[in-house]
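**Student:** Kindly return the folded structure for what I paste below:
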Amino acid sequence: MWHVKVPASSANLGSGLDTLGMALPLWLECWFTPAHSLTIELHGEGRDQAPPDQSNLIWRAALALYQAKTGDSMPPGHLVVSSQIPMRRGLGSSAAAVVAGLLLANACLGGSVPIEELLQWAAFLEGHADNAAAALYGGLVLVSQRDQRVMAIKYTAPELSVVLVIPAYEVPTDMARALLPSQVPRADAVFNAQRVGLWVDALWRRNWDLLRTAGEDRLHQPYRSPAIPGMDQFLATALDAGACLATLSGSGPTVLALAQPAHAPTVVQALEHALASLPGLDACVRVVMPSNNGAHTLRDSRSVPDEVTGLA
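**Tutor:** As a prediction, this is how the structure comes out:
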């Protein structure tokens with residue numbers, strides 16, 4: 001039996017549109033046992049949304065890599081999936097699914113595909129290199145692309161609490177991307193480029209006081225705000241309560257704040273109060289730490305844990 005674990009991720013982190021990503025310890029786990037036919041068993045987040053058949057994104061990613069390397073179909077088996085990552089909330093659920101499928105295929109290939117090549121596949125299949133790299137490598141990643149090849153630099157993630165406001169409603173990535181203009185003023189492009197530079201300096205010197213400015217954005221959040229109720233209020237509330245940074249997570253609707261651990265309870269309390277002032281908006285507030293661990297595969301002789309199969 002193969003056991004794959006892939007973390008959630010938050011992309012953009014304010015100024016770093018399609019450039020910055022960070023892994024979060026909400027996990028997508030898969031257990032795969034070879035069998036005569038394919039069966040897929042879904043648990044946890046997305047169990048009623050993801051298809052339990054060959055069209056499942058995890059299986060499609062596995063099949064794509066395996067076929068490219070061997071010319072044959074991926075060997076069938078029983079696939080158990082358990083996810084803690086809410087779907088279509090800006091937390092990298094599709095990137096995690098793609099990476100999980102690639103790792104399953106690579107396990108069946110004897111681990112012959114290096115992680116740099118897995119990144120190319122993940123970015124191609126998923127479409128968002130920042131989420132894909134964060135899911136694969138863990139930590140905080142800076143990605144770039146040249147001649148269709150994705151490059152990723154991993155940094156140790158900030159030693160900060162991650163406060164998440166996760167709405168119950170979904171925002172499909174395609175819809176959120178469609179809100180963005182095809183052209184932006186030069187001043188706005190320069191504004192964001194300057195702040196990504198501050199992000200890099202903050203990571204290099206571990207100076208989190210820079211993040212309040214580094215997280216400022218003019219390229220995507222102002223355009224997405226009308227589609228995400230409460231976003232602007234949550235961002236302002238988190239910063240006023242002492243957060244180092246407040247940003248939309250990916251394309252939303254989740255809002256993410258980074259705070260010194262000692263200040264995190266104050267930020268949580270302020271965000272919960274702001275949420276209570278918005279009647280009709282169903283959301284939860286969660287606190288985690290960034291994950292410096294990326295996707296990994298275990299050869300597991302044990303059965304799937306009872307707490308997984310026991311989920312509704």
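**Student:** Kindly report the domain assignment for the chain.
**Tutor:** Taking automatic domain parsing as the domain assignment, the ranges for the chain are 2-156+292-309, 161-288.
**Student:** per-residue confidence averaged over the shortest one?
**Tutor:** In other words, domain 161-288. pLDDT averaged over domain 161-288 equals 96, rounded to a whole number.
**Student:** what's the answer for the longest one, then?
**Tutor:** In this model, domain 2-156+292-309 carries a mean pLDDT of 94.
**Student:** picking up where we left off before, can you tell me which of the domains of the chain is packed in deepest?
**Tutor:** Mean neighbour count (mean count of other Cβ atoms under 10 Å) peaks for domain 2-156+292-309 among the domains of the chain, with a mean of 20. Every residue, glycine included, has its C-beta placed from N, CA and C.
**Student:** Which strands or helices does the top strand by length along the chain pack on?
**Tutor:** Among the elements of type strand in the chain, defined by DSSP state E, the one spanning the most residues is strand 20-34. In this structure, strand 20-34 packs against strand 2-11, strand 77-83, helix 93-108, helix 129-137, strand 140-146, strand 283-288, with contacts taken as 3 or more Cβ pairs under 8 Å, 6 or more residues apart in numbering; DSSP states H and E.
**Student:** Listing partners with orientation, what would you give for the next helix-or-strand element following the fifth one?
**Tutor:** Read it as strand 140-146. Reading on from strand 140-146 to the C-terminus, the next helix or strand found by DSSP states H and E is strand 149-155. For strand 149-155, the pairing partners within the sheet under DSSP bridges are strand 140-146 (antiparallel).
**Student:** any idea of the angle the partner strand forms with strand 2-11?
**Tutor:** Orientation of strand 140-146 against strand 2-11 (axes from the mean of the first three to the mean of the last three Cα atoms, to 10 degrees) gives an angle of 80 degrees.
**Student:** Just give me how far strand 140-146 sits from the chain centre.
**Tutor:** 15 Å (Cα atoms, centre = their mean, to the nearest Å).
**Student:** swap in stretch 259-277?
**Tutor:** Centre to centre, stretch against its chain (Cα atoms, centre = their mean), the figure for stretch 259-277 is 22 Å.
**Student:** What lies in contact with that stretch?
**Tutor:** Under the contact criterion Cβ atoms under 8 Å, 6 or more residues apart in numbering, stretch 259-277 has outside partners 159-161, 163, 165, 208, 230, 233-234, 237-238, 240-244, 257, 281, 283, 285, 287.
**Student:** Take the residues you listed and keep only those in strands.
**Tutor:** 161, 163, 165, 257, 283, 285, 287.
**Student:** Adding distance to Arg195, write these out as a markdown table.
**Tutor:** Written out in a markdown table, the entries for the ones in strands among the contacts of stretch 259-277 read as follows (distance: Cβ to Cβ, whole Å):
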| residue | distance to Arg195 |
| --- | --- |
| Ser161 | 22 |
| Val163 | 21 |
| Val165 | 22 |
| Ala257 | 17 |
| Ala283 | 27 |
| Val285 | 26 |
| Val287 | 25 |
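**Student:** quick one: furthest residue from the center of this structure?
**Tutor:** For the chain, the C-alpha lying farthest from the average C-alpha position belongs to His36; by Cα atoms, centre = their mean, that distance is 33.2 Å.
**Student:** Let me know the secondary structure of the residue nearest to Phe191 when sequence neighbours are not counted.
**Tutor:** For Phe191, ignoring the flanking residues on the chain, the nearest one in space by Cβ to Cβ, 6 or more residues apart in numbering is Arg218 at 5.1 Å. Under DSSP: H, G, I helix; E, B strand; the rest coil, Arg218 falls in the coil class.
**Student:** Tell me who's in contact with Arg218.
**Tutor:** 184, 188, 191-192.
**Student:** now, among those residues, which is nearest to Asn131?
**Tutor:** Lowest distance from Asn131 to the contacts of Arg218 (Cβ to Cβ) belongs to Asn192, with 18.6 Å.
**Student:** isn't that closest one right next to Leu219, touching?
**Tutor:** Yes. Between Asn192 and Leu219 there is a contact under Cβ atoms under 8 Å: 5.1 Å.
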